[in-house]
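Novice: Show me the folded form of this:
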Amino acid sequence: MLPYFGRFIIALPDIRSLAEVPEDRLLKFWEGLGYYSRVRNLQKAARQVCEQYGGALPATYEQLIQLAGIGPYTAGAIASIAFGQAVPAVDGNVLRVTARLMDCAEDVLLPRTRRQMTGWIQSWIPADAPGLFNQALMELGEQACLPNTTPKCENCPLSGVCFGKHAGTQASLPVRSGAKARRVEKRTVFVILTDEDPPRVLLRRRPESGLLAGLWELPNEPGYLTVSQAAGYLRGRGIEPVTVRQLPESRHLFTHIEWQMRGISVCAKQLAANKNEALATLETLQSQYAVPSAFRFYTGLLPVLMG
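Specialist: Below you'll find the model as predicted:
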């Protein structure tokens, strides 16, 4: 993440610059990180801070949690680490450590279990070092109290007071309800290039709500189309293809969806962009348009296809 962080901070060095940057530029800085709703919420929070707190981040948990995109964990982490407020910062690592420490066999994904664990942690936090305490719990989860494997109890400074260790249940904790399987969607992705020098590629802006809202994408359609079906589809859209050929397959995993993609490369004459479309050179694609990483395999082919 460090290259992304460095680029972001250089371009937007303070809260006010984040609040004022145009959204297209903001999304371009975030390109490749996914979860684009997060950066939109970052900007909403920056605007709230400018409007309500004069551009200075508020210092209390109660104020922080009112900002867009900031939930209990983030508010607790900022309040304790940056401002010394004695509040928990409960992430997945901390839930796992706490479940084992207390030999808790309740489902940690249930709100009531999280509330119970948060209460326990609140009672443990030292008033003079809450940030260090929260970071120590997170670090235990990273270094010793490991997920999906046998915890390294011999390296854990809390093993002597761990109820899970004494009961021999530590490896079976925490308990989590089963995750739903991802829904598989098959899609045909079009790499449509103009027959000119330099060539340009057709981009389409996604709707303003839903998955990958407002981002630019390579045109795509549900289902797998053959080369002949793709040519017919393009002509139905008023695009006269000069060449149509198959590209390799790719896939991309979202939180709840898996895209299984087949690519079609198209060279077309007299190609014009319709509403919510754009024609981009390789240079402007790289500098101006935020294209989600779901299409990275096919945008990675563009230097060859457009060369």
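Novice: Where do the helices of the protein begin and end?
Specialist: For the chain, the helices defined by DSSP state H cover 2-11, 15-20, 23-30, 36-53, 61-64, 72-77, 92-101, 111-124, 130-143, 163-167, 227-236, 282-288, 296-299, 302-305.
Novice: Quick one, which of the ones you listed gets closest to Leu253.
Specialist: In this view, the helices of the chain are compared for proximity to Leu253 by C-beta to C-beta, and helix 296-299 is the closest at 12.5 Å. Any C-beta I mention is one placed from the backbone N, CA and C, and that applies to glycine too.
Novice: for the record, mean pLDDT for the closest one?
Specialist: Along helix 296-299, the predicted confidence averages to a pLDDT of 97.
Novice: ok, the residue nearest to Val191 when sequence neighbours are not counted - contacts?
Specialist: Excluding its sequence neighbours, the residue lying closest to Val191 (C-beta to C-beta, 6 or more residues apart in numbering) is Ser265, at 4.8 Å. Taking C-beta atoms under 8 Å, 6 or more residues apart in numbering as the definition of contact, the neighbours of Ser265 are Val191, Leu193, Thr243, Val244, Arg245, Gln246, Leu247, Leu301, Leu305.
Novice: Derive a PyMOL selection command for the buried subset of the residues you listed.
Specialist: To isolate in PyMOL the members of the contacts of Ser265 that are buried, counting by 16 or more other C-beta atoms under 10 Å, one can use:
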select buried, resi 191+193+244+247+301+305
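Novice: Now render the contacts of Ser265 as a markdown table, adding distance to Gln143.
Specialist: Conversion of the contacts of Ser265 to a markdown table gives the following (distance: C-beta to C-beta, whole Å):
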| residue | distance to Gln143 |
| --- | --- |
| Val191 | 44 |
| Leu193 | 50 |
| Thr243 | 55 |
| Val244 | 53 |
| Arg245 | 50 |
| Gln246 | 47 |
| Leu247 | 43 |
| Leu301 | 40 |
| Leu305 | 45 |
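Novice: quick one: the residue most central in space within the chain from Ser293, how far?
Specialist: Centrality entry for the chain: nearest residue to the mean C-alpha point is Tyr35, 3.0 Å, by C-alpha atoms, centre = their mean. As for Tyr35, its distance to Ser293 is 11 Å (criterion: C-beta to C-beta, to the nearest Å).
Novice: With Ser123 instead?
Specialist: 42 Å.
Novice: Tell me which of the two has more neighbours.
Specialist: In terms of neighbours (other C-beta atoms under 10 Å), Ser293 is the more surrounded of Ser123 and Ser293; the figures are 13 against 8.
Novice: which residues touch the more buried one?
Specialist: Ser293 touches Glu31, Gly32, Gly34, His252, counting by C-beta under 8 Å, 6+ apart.
Novice: Over to Leu173?
Specialist: Remark: with contacts taken as C-beta under 8 Å, 6+ apart, Leu173 is in contact with Arg96, Ala99, Arg100, Asp103, Cys104, Ala105, Gly164.
Novice: Which of those are buried, as a PyMOL select command?
Specialist: A single PyMOL command selects the buried members of the contacts of Leu173 (16+ other C-beta under 10 Å):
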select buried, resi 96+99+100+103+104+164
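Novice: Dihedrals phi and psi, the residue nearest to the centre of the chain?
Specialist: Here the main-chain torsion angles of Tyr35 (degrees, to the nearest 10) amount to phi 50, psi 60.
Novice: residues touching Pro151, list them.
Specialist: Arg100, Ala144, Cys145, Gln170, Ala171.
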